[in-house]
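> can you look at this prediction? I've put the sequence above it.
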Amino acid sequence: MTPTAAHLASIRTPLLGWYDRNKRDLPWRRTKDPYAIWLSEVMLQQTQVSTVIPYWERFLARFPTVLALASAPLDDVLAGWKGLGYYSRARNLHRAAQEIVSRFGGKLPSSAEDLLSLPGFGRYTSGAVASIAFGEEAPLVDGNVARVFSRLFEVEGPPGDREREATLWELATLLVKGERPGDFNQSLMEHGATTCRPENPLCLLCPVRDACGAFRAGRVDELPPAKVRATPKKLTLALAVWSHADTLLFARRADSGLFGGLWELPAAEVDEDATPEETTLRLTAALGAGVRLESQLGTVKRQLTHRDLTLRLYRVSGPQRPSRSESFQELRWCTPTEAAALGMSTAMQRALEAAMTALA
DNA sequence: CAACCGTGGTG
DNA sequence: TCACCAAGGTT
């Protein structure tokens, strides 16, 4: 895979021109603040543009600078991320901000190489920030670019294939060299998102159709091959709905794993066909306090990428109201209003709504 | 390197 | 309804 200089130019120039004429007016394209651009790149990972826009604006207003983010409690950062998913992104963002303060004097390093050393900066995000915010000729490959290249150059192999990935990064490295590397990288992604789409690509409107191997060969529909996904595994959680006065008991999960660092109705994993006795034991162990199941308040189901999640709500009580537990970072009794400000997954919000409805 | 990590949009 | 997917990173 060694395209000629002429072939590269027949892609680079039209694509950049097309981008200048057709790029969407996105809020993070109106700023030159590296921190704001970094934030957009992290939020956009595996997430739709339309979903990100309101989050980006709100988060930036709440944490306007690297220093503000670094100084904030993780709990607040996760609350600002509430509902966006992939919460390790927020934990890594927070850690990276603190490292930027301690190692780089509070300013983002400008090279992809330095950025790569920070939490949450992989190859893609390092290249994106270095090229878009700092003008470095740093390559990037995301899902869009992979699709665009696999069609333009007829790169074979399924997503994840080692040789395929190496080829894609080589191509990105060759193509990014030239004027306005940040805009060029964005032109690749914008093209993939709007024209060279996964389904029903708009080849008739494509600015680089003449250079496209898949178009010439009539293979646009078969490149790239779809990724094979594992079937979701079942995960059943028993949730304790423990009310006292006008409050409910909430717990903050450990920082790693599913919903790491987020608040929840205290949860314990149970077997899909767990008996009430087993459920009682699990919740008692989790809370470190004797628990009695009063009644079942309902069930909430959620589909995650790798998990088929079932949340079973149990109204519980016990002889002693717990205030600490080994299983959780923190326990807290909260009114509904207070709970609304906590960092909580959408799944848990649904469960909480179901609990409140059942209790009302 | 395969598994893990969320959510909402789409056909 | 459901499978697929969207500007990935970590372990």
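All right, it came through fine. Everything quoted here is computed from the prediction, not taken from an experiment.
> residue A:268 belongs to a strand, doesn't it?
Yes. Residue A:268 sits within a strand when classified using DSSP: H, G, I helix; E, B strand; the rest coil.
> get me the contact residues on chain A for DNA strand B.
Residues of chain A found near DNA strand B (C-beta under 7 Å from any atom of the strand) are A:46-48, A:50-51, A:83-88, A:160, A:162, A:199, A:230, A:233, A:257-260, A:302-307, A:345-347. For every residue, glycine as well, the C-beta is placed using N, CA and C.
> among the residues you listed, which are in helices?
Among those, DSSP state H puts A:50, A:51, A:88, A:162, A:346, A:347 in helices.
> identify, from these, the entry nearest to DNA strand C.
DNA strand C has its nearest neighbour among those in residue A:88, at 6.2 Å by C-beta to the nearest atom of the strand.
> list the contacts for the nearest residue to the closest one once chain neighbours are set aside?
Excluding its sequence neighbours, the residue lying closest to residue A:88 (C-beta to C-beta, 6 or more residues apart in numbering) is residue A:260, at 6.5 Å. Contact analysis of residue A:260 by C-beta atoms under 8 Å, 6 or more residues apart in numbering lists A:87, A:88, A:91, A:253, A:254.
> are any of those residues buried, and which?
The neighbour count (16 or more other C-beta atoms under 10 Å) marks A:87, A:91, A:253 as buried among the contacts of residue A:260.
> from those, which is closest to DNA strand B?
Nearest to DNA strand B among the buried ones among the contacts of residue A:260, counting by C-beta to the nearest atom of the strand, is residue A:87 at 3.7 Å.
> phi and psi next, for the closest one.
phi -70, psi -20 (degrees, to the nearest 10).
> from what I see, it and residue A:257 are in contact.
No. At 10.0 Å, residue A:87 does not count as touching residue A:257 under the criterion of C-beta atoms under 8 Å.
> residue in chain A nearest to DNA strand B?
Nearest residue of chain A to DNA strand B, counting by C-beta to the nearest atom of the strand: residue A:85, 2.8 Å away.
> any figure for the gap between the nearest residue to residue A:82 once chain neighbours are set aside and residue A:336?
Closest residue to residue A:82 apart from its sequence neighbours, by C-beta to C-beta, 6+ apart: residue A:343 at 5.1 Å. Using C-beta to C-beta, to the nearest Å, one obtains 16 Å as the distance from residue A:343 to residue A:336.
> okay, these two: which has more neighbours?
Higher neighbour count among residue A:343 and residue A:336: residue A:343, with 24 against 11, using other C-beta atoms under 10 Å.
> would you map the helices across the stretch 101-250 of chain A?
Remark: helices assigned in the stretch 101-250 of chain A by DSSP state H, counting those that start in this stretch are A:112-115, A:123-134, A:143-152, A:162-176, A:181-194, A:213-217.
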